[in-house]
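**Q** Give me the fold of what follows.
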Amino acid sequence: MHSPASSASTPIHWKASTEEDFGARSRRGKIEHSCTKAATAMVDTPEIKSAPITPRPPISCPPSQFHSPSLSRSPLLSPVGEDGAAVHGKAKPAVKSAASTAPHTPRRWTPRNLTPRFITPLGSPIRKAMRMTKLDPRDAWLPITESRNGNAFYAAFHTLCSGIGIQALVLPVAFTILGWTWGLINFTGAFIWQLYTLYLLVQLHESPETGMRFCRYLQLCGAAFGEKAGKFMALFPVMYLSGGTCTAIIILGGSTSKLFYQTVSGRTDSPLTTVEWYLVFTCAAVVLSQLPNLNSIAGVSLIGAITAMAYCTVIWIVSVVKGRLPGVSYDPVHADSSLDRAFQVFNALGIIAFAFRGHNLILEIQATMPSSEKHPSAKPMWKGTKVAYGLISACLYPIAIGGYWAYGQLIPNAGMLTALYQFHGQDTSKGILGFTSAMVIINAVSSFQIYAMPMFDDMESQFVTRRKKPCPWWLRAIMRTFFAFICFFVSVATPFVGSFSGLVGGIALPVTMAYPCFMWLKIKKPEAYSPMWWLNWGLGVLGMALSAIVIASGIYVVIDTGVTFNFFNPQ
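**A** Sure, this is the predicted structure:
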């Protein structure tokens, strides 16, 4: 705006300057008049609120609403008044003012959350369901987790097939050392103990905090104890339970195939040698092993479960119906020294522990199921597991009690199948003997698939990790055939591994009885000195101590009793 002095010195621009000055004074007068009216309104209405020019700091929700599973409204969704403030309770309505309607610099929108409104609040089921599906992308290329459409029935089939087998037939051997009372007490205690650790593994499969699924036993050990410590503690037992069991299955299947041929044909000789029978069984296992993933062998596991229950039932029924053998004694075997007696007792505990196998496969079986917050995989898995172990107990108890009652101290170390042929091979029909042998063979070739699956998964994971793509079908077939024939070679080289049932039970005991307790303590972190804290510490320490003692006892008994190490000479 120009001063009078300047306008006098420049008369040409005087008229324009006068009009500009007059317009400015007119606008200033209007603004002062509106401010006077606004001040009067503020005196009449003392609760007027004006919106701040700068944005307010974001409001943080209380913890209860961050984790609320309902869709109730949170403070972030409260009604907002016209002045920009949240309306709570019975707040008085805001009164419009000239200042609020006057044009001002628009407030900048600051996003409080990147989540769309229809997914809020933060603890909604949709958000949690999305969090519960955190999976490794490579799992879609591996045989254990390639298919996730399993259910409680599939879980029961796999668990029953892996949880019962030929190892159940050696249970009466443990009773010859422990006797009736201590045999039943230890067997029942071990059954409850392993069922409890099975429950722990099912619950540890999914982490509610991170949403991570541990689809393999080694993964859970790594998450609990660290990558290096987990591999050091569990790699050998888990791989031995997989590869070693497949080797024992080939020995069992091949020798039983030879026995089946001799029973059906009525000939004492055989056109094939024992090694050739091993090869025939291995070829049958290789054909079935080409099924792509764990869910695809659910039907095979069902057949294996049915055949296992069938031959266990037939063997104990025939043994009980034929009656006790003459001169049967139920007195525990007496050793020459207290040291020998102690080692025999612990070896018997190892035989009982050997009867409970399959814990190294529980997480893999559960990994085949879909999971969400509303329908977690633990529910159908535990449901199927309870049914499976109900049937397992219905097979194991009659085998242990009926077998020991029928044969007593006369039962051979190889178990009930050998006792059936040895003591009742002449007075039992060929149909029953042939049926029993056929059931054992079918169960063996079915069990081979589920016990080999962790090894197949590990071999393919090496390829997937390096090449970042799924394994082609032809390479998958080559790797699985290679693994099967490696097991065949080991079975031919060491056909006496069946004599180490107590030693094998000691090696597998931490995986079954001890590690799940320690993993529960490490991951769940129960309150110190609470009942769960004491229970898991006690069972874990006891399991590790028993494992060391049972392994030592198994080695001692093998050396003391003597085992024929017929390398490359299966009988």
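**Q** make it CA atoms for all contacts and neighbour counts henceforth
**A** OK.
**Q** how about the residue nearest in space to the middle of the chain, what does it touch?
**A** In the chain, the residue lying closest to the centroid (C-alpha atoms, centre = their mean) is L363, at 2.2 Å. Taking C-alpha atoms under 8 Å, 6 or more residues apart in numbering as the criterion, L363 is in contact with 201-202, 205, 214-217.
**Q** and the gap between it and L178?
**A** L363 sits 33 Å away from L178, going by C-alpha to C-alpha, to the nearest Å.
**Q** What of T428?
**A** Plainly put, T428 is 30 Å away from L178 if you go by C-alpha to C-alpha.
**Q** For those two, indicate the residue with more neighbours.
**A** A direct count of neighbours by other C-alpha atoms under 10 Å for T428 and L178 places L178 higher, at 23 against 14.
**Q** Just give the nearest non-adjacent residue to that one, would you?
**A** Leaving aside its sequence neighbours, L178 sits nearest to P332 (C-alpha to C-alpha, 6 or more residues apart in numbering; 6.0 Å).
**Q** now S437
**A** Counting by C-alpha to C-alpha, 6+ apart, the nearest residue to S437 once its immediate chain neighbours are dropped is F260, at 5.6 Å.
**Q** Inside helices: which ones of the contacts of L363?
**A** Counting by DSSP state H, the part of the contacts of L363 found in helices is 201-202, 217.
**Q** and of those residues, the nearest to S461?
**A** For the ones in helices among the contacts of L363, the minimum distance to S461 (C-alpha to C-alpha) is 14.7 Å, reached by Y217.
**Q** Touching, M532 and P526? I think so.
**A** Yes - at 6.7 Å, M532 and P526 qualify as touching, with contact defined as C-alpha atoms under 8 Å.
**Q** what stretches of this protein score poorly on pLDDT?
**A** Filtered on pLDDT under 70, the chain yields the residue ranges 1-136, 497-499, 501-502, 561-566, 568-569, 571.
**Q** Enumerate every residue touching R341.
**A** Here R341 is in contact with 334-335 (criterion: C-alpha under 8 Å, 6+ apart).
**Q** what about it, which SS state?
**A** For R341, the assignment made with DSSP: H, G, I helix; E, B strand; the rest coil gives helix.
**Q** Same check on W474?
**A** With three-state DSSP as the basis, W474 sits in helix.
**Q** Number of residues surrounding it?
**A** Burial of W474 is recorded as 8 neighbouring residues (other C-alpha under 10 Å).
**Q** again with N536
**A** Based on other C-alpha under 10 Å, the number of other residues close to N536 is 21.
**Q** go on, K469?
**A** Each residue near K469 was counted by other C-alpha under 10 Å, and the total is 11.
**Q** host element of the spatially closest residue to P526 that is not a sequence neighbour?
**A** Leaving aside its chain neighbours, P526 sits nearest to W533 (5.9 Å; criterion: C-alpha to C-alpha, 6+ apart). According to DSSP states H and E, W533 maps onto helix 531-561.
**Q** Who are the packing partners of that helix?
**A** For helix 531-561, the contact count by 3 or more C-alpha pairs under 8 Å, 6 or more residues apart in numbering; DSSP states H and E identifies helix 338-355, helix 501-509, helix 515-524 as packing neighbours.
**Q** Report the contact partners of K231.
**A** With contact set as C-alpha under 8 Å, 6+ apart, K231 has these partners: 218, 221-222.
**Q** Let me fix that, I meant to ask about C395.
**A** 309, 312-313.
**Q** for I362, same thing?
**A** Counting by C-alpha under 8 Å, 6+ apart, I362 makes contact with 159, 198, 201-202.
**Q** just to revisit the earlier point, including distance to N186, could the helices and strands packed on helix 531-561 go into a markdown table?
**A** What follows is the helices and strands packed on helix 531-561, written out as a markdown table (distance: least, C-alpha to C-alpha, whole Å):
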| stretch | distance to N186 |
| --- | --- |
| helix 338-355 | 8 |
| helix 501-509 | 14 |
| helix 515-524 | 19 |
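**Q** Kindly compare burial across the ones you listed and name the winner.
**A** Greatest average neighbour count among those goes to helix 501-509 (a mean of 26), per mean count of other C-alpha atoms under 10 Å.
**Q** Out of the contacts of C395, which end up buried?
**A** 309, 312-313 (16 or more other C-alpha atoms under 10 Å).
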